[in-house]
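Chemist: From the sequence below, what's the structure:
(one chain, ligands or ions: 1)
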Amino acid sequence: MEDLMKLKGKNIVVMGVANERSLAWGVAKSLYKVGANPIFTYRLDRSFAKLNKLLKEEQTASSPLIVQCDVNDDESIKNAFHEIHEKVGTIHGVVHSVAFANSEDLKGDFINTSRSGYAFAQDTSAYSLIAVAREAKPFMTEGGSIVTMSYLGAERAVPGYNVMGVAKAALESSVKYLAMDLGEANIRINAISAGAIRTLAAKGVGSFNEILHKIEETSPLKRNVTQEEVGDMTVAFLSHLSRGVTGEVVYVDSGYNIIG
Ligand SMILES: CCCCCCc1ccc(Oc2ccc(Oc3cccc(O)n3)cc2)c(O)c1
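Modeler: Numbers count the residues shown, from 1 in each chain. Next comes the predicted model:
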């Protein structure tokens with residue numbers, strides 16, 4: 001069978017697995033399906049524990065590399081990518097599935113967003129992609145692909161999404177500016193804009209349940225999307241198949257975003 005994806009044995013850094021519901025874990029499962037070699041980064045110890053448990057259940061061939069990385073800290077990002085390069089050599093892809101905003105900034109009126117809350121959401125959810133791309137680039141000597149996760153709230157005003165929507169707008173614009181810089185190194189960078197999926201993070205966003213129901217009623221496919229569907233489209237963006245695409249945002253949302 002022709003190897004269309006060309007991901008066998010490729011080193012893909014997956015950032016942001018917090019538990020079995022994380023989008024990043026969906027990406028990891030899709031990467032195992034195509035024989036790639038995921039390397040994981042985590043922030044909190046409880047994520048490290050969850051990751052180890054998930055990987056044991058997944059019966060992965062060799063025990064994968066897991067590295068601590070706090071995306072609010074440039075030194076931590078630099079050290080993480082140096083350690084990854086030391087251990088696996090060339091990096092062929094990076095999945096950035098990391099974001100955070102204070103819960104008080106994810107409900108009520110956006111106009112009441114604090115200066116510090118706004119800066120923290122931007123730093124964690126948007127600036128972190130720039131820092132990750134900068135630190136990964138020197139080790140992506142064979143070219144490659146970077147994928148980040150966004151949401152419709154980057155483009156539309158979605159009640160409750162508030163400060164995270166503005167952070168995702170910055171993230172999606174950063175994807176285009178980073179595509180400009182990374183292209184000459186044959187590194188592509190794109191965003192997946194995922195439909196609402198019940199993750200640990202989703203618990204922090206007000207009006208989440210209403211949105212899930214609305215997608216079932218309104219979207220062309222009349223259903224919500226799954227972690228696996230997001231994982232598969234991310235792998236497509238990491239693979240040879242999307243080699244002509246960079247600076248793009250693709251919606252994996254049952255088509256919800258196209259409906260007026
Ligand atoms: C009202 C919009 C409903 C659909 C929201 C879909 C969604 C779900 C989760 C998303 O990812 C995060 C990540 C961190 C985040 O900040 C959090 C999460 C939990 C607690 C907390 O204090 N902050 C909020 C959303 C995301 O960007 C988008």
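
Chemist: then stretch 58-75 to CSV, C-alphas only?
Modeler: Provided in CSV are the C-alpha atoms of stretch 58-75 (Å, rounded to 0.1, in the frame of the first residue of the first chain):
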residue,chain,number,x,y,z
GLU,A,58,-2.3,2.2,24.7
GLN,A,59,0.4,-0.5,24.9
THR,A,60,2.8,1.7,22.9
ALA,A,61,5.8,-0.3,21.5
SER,A,62,8.6,1.6,23.3
SER,A,63,7.9,3.9,26.2
PRO,A,64,7.7,7.4,24.5
LEU,A,65,9.6,10.4,25.6
ILE,A,66,7.8,12.7,28.0
VAL,A,67,9.3,16.1,28.8
GLN,A,68,8.1,18.9,31.2
CYS,A,69,7.4,22.2,29.5
ASP,A,70,5.7,25.3,30.9
VAL,A,71,4.7,27.4,27.9
ASN,A,72,4.6,30.6,30.0
ASP,A,73,8.4,30.3,30.5
ASP,A,74,10.8,30.8,27.5
GLU,A,75,13.6,28.9,29.3
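
Chemist: Can you give me every residue that contacts the closest residue to the ligand within the stretch 151-260 of the chain?
Modeler: At 2.2 Å from the ligand, Gly204 is the closest residue in the stretch 151-260 of the chain, using C-beta to the nearest ligand atom. Backbone N, C-alpha and C define where each C-beta goes, glycine included. Listed by C-beta atoms under 8 Å, 6 or more residues apart in numbering, the contact partners of Gly204 are 101, 103, 106.

Chemist: hang on, Val13 in a strand?
Modeler: Yes: remark: Val13 belongs to a strand, assigned using DSSP: H, G, I helix; E, B strand; the rest coil.

Chemist: That one and the ligand: what is the separation?
Modeler: For Val13, the distance to the ligand equals 19 Å [C-beta to the nearest ligand atom, to the nearest Å].

Chemist: need the next SSE after the longest helix belonging to the chain, C-terminal direction.
Modeler: The longest helix of the chain (DSSP state H) is helix 162-182. Following helix 162-182 in sequence order, the next helix or strand is strand 187-194 (DSSP states H and E).

Chemist: That following strand vs the ligand: in contact?
Modeler: No: residues of strand 187-194 are not located near the ligand by C-beta under 6 Å from any ligand atom, the shortest gap being 7.4 Å.

Chemist: Next up, identify which helix or strand Ile39 is on.
Modeler: According to DSSP H and E, Ile39 maps onto strand 37-42.

Chemist: between that strand and strand 11-15, how many degrees?
Modeler: 20 degrees (axes from the mean of the first three to the mean of the last three C-alpha atoms, to 10 degrees).

Chemist: What's the PyMOL syntax to select whichever of the contacts of Gly204 are buried?
Modeler: Selecting only the buried entries of those in PyMOL, with 16 or more other C-beta atoms under 10 Å as the criterion:
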select buried, resi 101+106
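
Chemist: from the contacts of Gly204, which ones fall inside helices?
Modeler: Going by DSSP H, the helices hold none of those.

Chemist: TSV for the contacts of Gly204, including pLDDT?
Modeler: Converted to TSV, these look like this (pLDDT from 0 to 100):
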residue	pLDDT
Ala101	98
Ser103	94
Leu106	95
